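Colleague: Sequence and predicted model, in that order:
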Amino acid sequence: MKQPSATGKPFKRLLLTGGAGNLGRQLRPALAQWADVVRVSDIAPLDDAASHEEVSAVDLADRDAVMRMVEGVDAIVHLGGISIDAPFDDLIEANIRGTYNIYEAARRHGVKRVVFASSNHAIGFHPVTEVLDTDSPHRPDSLYGVTKCFGESLSRYYFDRFGIETVNLRIGSSFEEPKNPRMLVTYLSYRDFIELVRCSLFANRVGHAVVYGASNNPVKWWDNSGAAFLGFRPQDSSEQFNGLFPTTAPTADRDDPAQRFQGGPYVLGEPLERK
Ligand code: NAI
Ligand code: 15L
């Protein structure tokens, strides 16, 4: 999988999609340490490129452009796409067609590993009273969550049929700090997010893997022991934000679905229309 570079970095060229986004911007400095060249892609402007970065302004739904973008890369970190619930027609383009284009381009260009930003919303209709593991069934809480289930199934197919390895990151809530009591459970610090990507790129064999992206928070809904081979050990905890909210974590309040289910307010959404 790895093509050691002339400078001794583990990768010659990595592709990052979603490089202009919240997590993409956090990851870019770390990727510089792991690869000689980082091809950074987004549909949004990328006007702050560093000297080791190749900017690729590409709509993921544009198959020909994605084919060109993937040529010559050793591995792909696929963060690009719509990151919240949205109209079906928009999700289809960015998350369904876009993710298909990434895998098909990976197959055609011989890329052997993808790190895919899935989401906790692939399993958000499980109740908060359950602890899930890496084999727990999908229970998407929104059409957005359905697109992440699609990505996880697509990566399963591309591994079983073509041997392309994927680590599916079921990311919780990765922001500077939790924005509500639910995020005290789902919080993933930026530092732990970067470490999760590092483990996913560097582990020897990953096959088709699922791992939850959460820091070492006091309340846990997810058990990562099935992904122990990745070696991911979160360093941070939402404990540092105790006192930020009047309550500490969601309760299994029967009257409020946003409290009862892991996906929080996503479970209350309805299919949206394009404006
Ligand atoms: P973000 O919304 O800040 O970044 C996503 C990027 O994808 C944006 O820069 C956007 O311009 C780009 N994008 C959207 N549609 C595109 C298209 N058609 N073609 C090319 N680029 C397109 O989201 P964030 O927070 O950085 O998340 C990154 C990934 O991680 C997303 O896939 C999201 O679904 C996933 N994720 C993030 C979580 C978080 O807490 N930050 C939680 C769970 C999943
Ligand atoms: C996600 O999948 C979203 O990308 C992010 O914006 C948050 O809503 C996060 O899940 C969450 O569940 O907090």
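Modeller: Happy to help now that I have it. Ligands and ions are numbered 1, 2, ... in the order given.
Colleague: Mind listing what's buried along stretch 252-262?
Modeller: Buried residues in stretch 252-262, defined by neighbour count with 16 or more other Cβ atoms under 10 Å: Pro257, Gln259, Arg260, Phe261, Gln262. To be clear about C-beta, it is placed using only N, CA and C from the backbone, and glycine gets the same treatment.
Colleague: I'd guessed the first one sits against Leu268; true?
Modeller: Right, Pro257. Yes. Contact criterion Cβ atoms under 8 Å: Pro257 and Leu268 qualify, at 6.0 Å.
Colleague: Low-confidence ranges, the protein, go.
Modeller: 1-5 (pLDDT under 70).
Colleague: can you tell me the residue of it closest to ligand 1?
Modeller: In the chain, the residue that lies nearest ligand 1 is Gly21 (2.1 Å; Cβ to the nearest ligand atom).
Colleague: picking that back up, any chance of the buried residues of stretch 252-262 in TSV, plus distance to ligand 1 and secondary structure?
Modeller: Output for the buried residues of stretch 252-262, formatted as TSV (distance: Cβ to the nearest ligand atom, whole Å; DSSP: H, G, I helix; E, B strand; the rest coil):
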residue	distance to ligand 1	secondary structure
Pro257	20	helix
Gln259	19	helix
Arg260	20	helix
Phe261	16	strand
Gln262	12	coil
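Colleague: so which of the residues you listed comes closest to ligand 2?
Modeller: For those, the nearest to ligand 2 is Gln262 (8.7 Å; Cβ to the nearest ligand atom).
Colleague: Which stretches in the stretch 101-250 of the chain count as helices?
Modeller: Assigned by DSSP state H, counting those that start in this stretch, the stretch 101-250 of the chain shows helices spanning 143-162, 183-186, 190-202.
Colleague: Stretch 79-93 close to ligand 1?
Modeller: Yes. On the criterion Cβ under 6 Å from any ligand atom, stretch 79-93 is in touch with ligand 1 at Leu79, Gly80, Gly81, Ile82, Ser83.
Colleague: which of those residues sit farthest apart?
Modeller: Spatial extent of those (Cβ to Cβ) is set by the pair Leu79 and Ile82 at 11.6 Å.
Colleague: So the two - more neighbours on which side?
Modeller: Leu79 (24 against 18; other Cβ atoms under 10 Å).
Colleague: Return the residues in contact with the residue nearest to the more buried one when sequence neighbours are not counted.
Modeller: Spatial nearest neighbour of Leu79, excluding adjacent residues (Cβ to Cβ, 6 or more residues apart in numbering): Gly18 at 3.4 Å. Neighbouring residues of Gly18 by Cβ atoms under 8 Å, 6 or more residues apart in numbering: Gly24, Ser41, Asp42, His78, Leu79, Gly80, Gly81, Ala117.
Colleague: Apply 6 Å and report the result again.
Modeller: Contacts for Gly18 were tallied using Cβ atoms under 6 Å, 6 or more residues apart in numbering; they are Gly24, Leu79, Gly80.
Colleague: picking that back up, so which of the residues of stretch 79-93 next to ligand 1 belong to strands?
Modeller: Among these, none falls in strands (DSSP state E).
Colleague: I figured Lys148 was touching Ser118, is that so?
Modeller: Yes. At 4.5 Å, Lys148 counts as touching Ser118 under the criterion of Cβ atoms under 6 Å.
Colleague: quick revisit: switch the buried residues of stretch 252-262 over to TSV; also include distance to Phe162.
Modeller: Conversion of the buried residues of stretch 252-262 to TSV gives the following (distance: Cβ to Cβ, whole Å):
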residue	distance to Phe162
Pro257	39
Gln259	42
Arg260	40
Phe261	35
Gln262	32
